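# Need coordinates for the following:
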Amino acid sequence: MRVLFIGGTGIISTACTRLAVERGFDVTLLNRGQRGAMPGTRQLIGDINDPASAARALGDERFDVVADFLTFTPEQLEQRLALLRGRVGQYLYISSASAYQKPVTHYLVTESTPLANPLWDYSRNKIACEDRLMRALREENFPVTIVRPSFTYGETVIPLAVNSWPMPYTAIDRMRRGAPVIIPGDGTSLWTLTHNSDFAKAFVGLFGHQQAIGQPFHITSDEVLNWNQIYEAVAEAAGVAKPNFVHIASDFITACLPGALGGLQGDKANSVVLDNTKIKRFVPDFVATTRFRDGIRRSIAWYDADVSRRQIDAPANAAWDALVAAYQRGLDAAVRDLGPARAAWGGG
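Numbering: from 1, shown residues only. Model prediction:
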């Protein structure tokens, strides 16, 4: 089976590419060639966001499966449709579980949960892409399968609710030097983190699955933790016995740092548990086996193995320090100003 990965070198796609090679698929990667080709794959050099470049790279080739990790907007999707019509047996589109209804009306999420996220442009664009693909299925029989990952991590990711995504080691550095590390809310909202190697098992299991055409799937672990447990597991893996955790309300965080609105209140501040019954029905051998405490140890070990990987996001550090200081000033002022009323209320 001939498989084309659009991308193939990211956190999720690398694990999927590796497993596809291990399972004997004929794997081709289409990307700009900045990271080199994985052993066992063929690489086509082209920019998927430059239609002429992508068309030159693909030539007249056809593929049984195309896995697209790099389409984020409806405009990009129209380019993919123009490029791939008539040359693909199954198009797997990577959407996002953040597209599910926010704020949630029920903690347990299935594939039939409505798609509606007014808080995050990223999610709304994914929803629009899904809508367009389902129209392409209806009108021209375009063979789409939609996959919605949730928070998926690997060696290079430290998956916290508040962290620097360009430089995720920043939070580990803060833990290790005793700086405050922010947990949104009281830390008891539920979340699911999925190791990329586990995600790959289900994803590759969908390759060539004709009954999956026209179907959406989310793929996650069945391990559900709250954010306090997640942060504690990260601290333990980092060798930090007494981390300096600070709980700050999500709306306070996003009022001070508006750029965090989508990823926090539009996603991670909610309790979300994803029901994996459907993907297990289509891929019966799928079992997520990496517990978070084990996966995060591997991530931190990867950073500790090479000092050059331990990059620090100085602007993020400064923003978090300012946020914690503002929160503490507000807390101190509230304690002072409430005075006797505070004591009376507390006395019952």
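# switch to C-alpha atoms for all contacts and neighbour counts from now on
Noted.
# now the helices for the chain?
Secondary structure of the chain by DSSP state H: the helices cover 11-22, 51-58, 74-84, 121-140, 169-176, 196-205, 227-237, 250-256, 261-263, 277-282, 292-304, 314-347.
# Excluding covalently adjacent residues, which one is nearest to the residue nearest the centre of the chain?
Centroid-nearest residue in the chain: residue 151, 3.7 Å away (criterion: Cα atoms, centre = their mean). Setting aside the residues directly before and after it, residue 151 is nearest to residue 193 in space (Cα to Cα, 6 or more residues apart in numbering), at 5.3 Å.
# What separation is there between that neighbour and residue 97?
Residue 193 is 12 Å from residue 97, where distance means Cα to Cα, to the nearest Å.
# Over to residue 225?
17 Å.
# higher neighbour count, these two?
A count of neighbours by other Cα atoms under 10 Å puts residue 97 above the other of residue 225 and residue 97, at 25 against 18.
# hang on, the more buried one packs against residue 130?
No - assessed by Cα atoms under 8 Å, residue 97 is found out of contact with residue 130, at 12.0 Å.
# First residue to last residue on stretch 309-317, what's the distance there?
The separation between the terminal residues of stretch 309-317, taken as Cα to Cα, is 17 Å.
# List the contacts of that stretch.
If you take Cα atoms under 8 Å, 6 or more residues apart in numbering as the criterion, stretch 309-317 is touched by 164, 166-170, 173, 303-304.
# Now that stretch: buried residues?
310, 312-313, 316-317 (16 or more other Cα atoms under 10 Å).
# and what of stretch 42-54?
43-49, 51, 54.
# One more: stretch 158-165?
Buried, per 16+ other Cα under 10 Å, within stretch 158-165: 158-164.
# can you check stretch 51-66 too?
Result for stretch 51-66 [16+ other Cα under 10 Å]: buried residues 51, 54-55, 57-58, 62-66.
# wait, isn't residue 87 in contact with residue 61?
Yes - in this structure, residue 87 is within contact of residue 61 by Cα under 8 Å, at 7.2 Å.
# related to what we said a few turns ago, kindly state the pLDDT recorded for the residue nearest to the centre of the chain?
At residue 151, the predicted lDDT confidence score is 95.
# if I pick residue 36, what's in contact with it?
Contacts of residue 36 by Cα under 8 Å, 6+ apart: none found.
# ok, it to residue 44 distance?
For residue 36, the distance to residue 44 - Cα to Cα - is 10 Å.
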